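J.: predicted coordinates and the sequence they were generated for:
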Amino acid sequence: MDTKAASPGAFARFDLNRVPSPCFVVDEAAVRRNLAVLQDVGTRGRARVLLALKAFSMWALAGVVGEYLDGACASGLWEARLAREYYRGELTTYSPAYKAEDLPELLRLSDTVIFNSPAQIARFAGLIAEARAAGEVFDVGLRVNPEHSEAEVAKYDPCQPLSRLGFPVSQLGAEHLDGVDGLHMHALCEQDFAPLARIWQSLEPRLTGLMGDLKWINLGGGHHITRADYPREDLIAFLRQISERHGVAVYLEPGEAIALNAGILVGEILDLFDNTGSVAVTDISATCHMPDVLEAPYRPAILNEAEAGVQVRLGGPSCLAGDIIGDYVFAAAPAPGTRIAFLDQAHYSMVKTNTFNGVPLPAIALWNSDTDALRLVREFDYTDFRDRLS
């Protein structure tokens, strides 16, 4: 999988020594630019745009997000709590499955709760009725599987065979929509408008006769709307067309698009040696700090990679043999203490970090490339590692 990172932008002039290592550095100005693009798409497309917390949960910027977007979407109880504590606007929650003990609080916190199958809606009908009898007001949604694959990587494809994500549209009937206010779909991963248009072209005819009582359609996330080459005018026209043709509100749930090209992960070379080639150990771990590097897999772009020079394999400090970030070219062999930075790491990487092997979590810093103001938002210590264990 190829990284979609663009040029380093303002990070080309950021002094990597200004922050501890390792450290996620997020550019508030870049996030605002992305949010302004999404706000414009929502306004002109007559759609509601929600931040997908699963991709970018930096709640230090919750107030900024609230200036531009209509709310947030959560993937479970803890994200729903985070949304209600720090974010403004609507809250939509979707999970492939819910625990009965979590559902009453989720129904209280959320404006919309989306279920993965009609069977779950039927199973929890009593809890839904109890919540409404207690005065809670919320919509019920159903996620459908369009059964149309567009994702480049199979493990990131919600429409792969035997997918657990969404009710197959080929099985959907009017009886499954009793008490359902809207349909949700999500079938993209780092993609632009053309795959979305093809998915909808495949899905729309299969919904004929089923949308009369629906209030909304949620097109999910995976849209790289803020990428420079995204055909946003086509998307805007498409959103308005769905709304006008079917008389429904339309939702988008971008996550990655909010923080696209808005953050880096700063690290440091700890050691360099030869083993049939140059190998460097860094304080950044693919398995702990950038798990998508191994899961996709993909090679993250590095700041200021040389066109020619010494090729060095960069890997993390964990004991996992496969903790390999990738092979990179340096103008000269990097000495221990050399700072490095990987591009486009504000989304997903930050929310997926872990402490395998007791590897420390990266600090989090907020930088404003317009004013050069830098704020160290959070540093983690031994107690963060200790307290998640027993």
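T.: Done, it's in. What you see is a predicted model; the values in this text were computed from it and never measured.
J.: just the C-alphas of stretch 253-271, formatted as CSV.
T.: Extracted as CSV, the C-alpha positions of stretch 253-271 are listed here (Å, rounded to 0.1, in the frame of the first residue of the first chain):
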residue,chain,number,x,y,z
GLU,A,253,-17.8,10.8,8.5
PRO,A,254,-14.3,11.7,7.5
GLY,A,255,-11.5,10.9,10.0
GLU,A,256,-8.2,10.8,8.2
ALA,A,257,-9.2,13.8,6.1
ILE,A,258,-9.3,16.1,9.2
ALA,A,259,-5.7,15.4,10.0
LEU,A,260,-4.3,14.6,6.5
ASN,A,261,-0.8,15.9,6.1
ALA,A,262,-1.2,17.8,9.4
GLY,A,263,1.2,15.9,11.7
ILE,A,264,4.6,14.2,11.9
LEU,A,265,6.1,11.6,14.2
VAL,A,266,9.5,12.8,15.4
GLY,A,267,12.1,10.2,16.5
GLU,A,268,15.8,9.6,17.0
ILE,A,269,18.4,7.2,15.8
LEU,A,270,19.7,5.2,18.8
ASP,A,271,22.2,3.0,17.1
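J.: for the chain, what's the longest strand?
T.: strand 263-274 (DSSP state E).
J.: what's in contact with the helix or strand just after that strand?
T.: Per DSSP states H and E, strand 263-274 leads on to strand 278-282 as the next helix or strand towards the C-terminus. By C-beta atoms under 8 Å, 6 or more residues apart in numbering, the residues outside strand 278-282 that reach it are 267-273, 310-317, 325, 333-334, 340. Every C-beta, even on glycine, is put in place using the N, C-alpha and C of the backbone.
J.: tell me, what's the model's pLDDT at the closest residue to residue 192 other than its chain neighbours?
T.: Closest residue to residue 192 apart from its sequence neighbours, by C-beta to C-beta, 6 or more residues apart in numbering: residue 230 at 5.0 Å. Looking at residue 230, its pLDDT is 94.
J.: what of residue 190?
T.: With respect to pLDDT, residue 190 has a value of 82.
J.: please, which helix or strand holds residue 294?
T.: Judged by DSSP H and E, residue 294 forms part of helix 292-295.
J.: how far is that helix from where the chain is centred?
T.: Here helix 292-295 is found 14 Å from its chain centre; the criterion is C-alpha atoms, centre = their mean, to the nearest Å.
J.: and the next helix or strand past it?
T.: strand 310-315.
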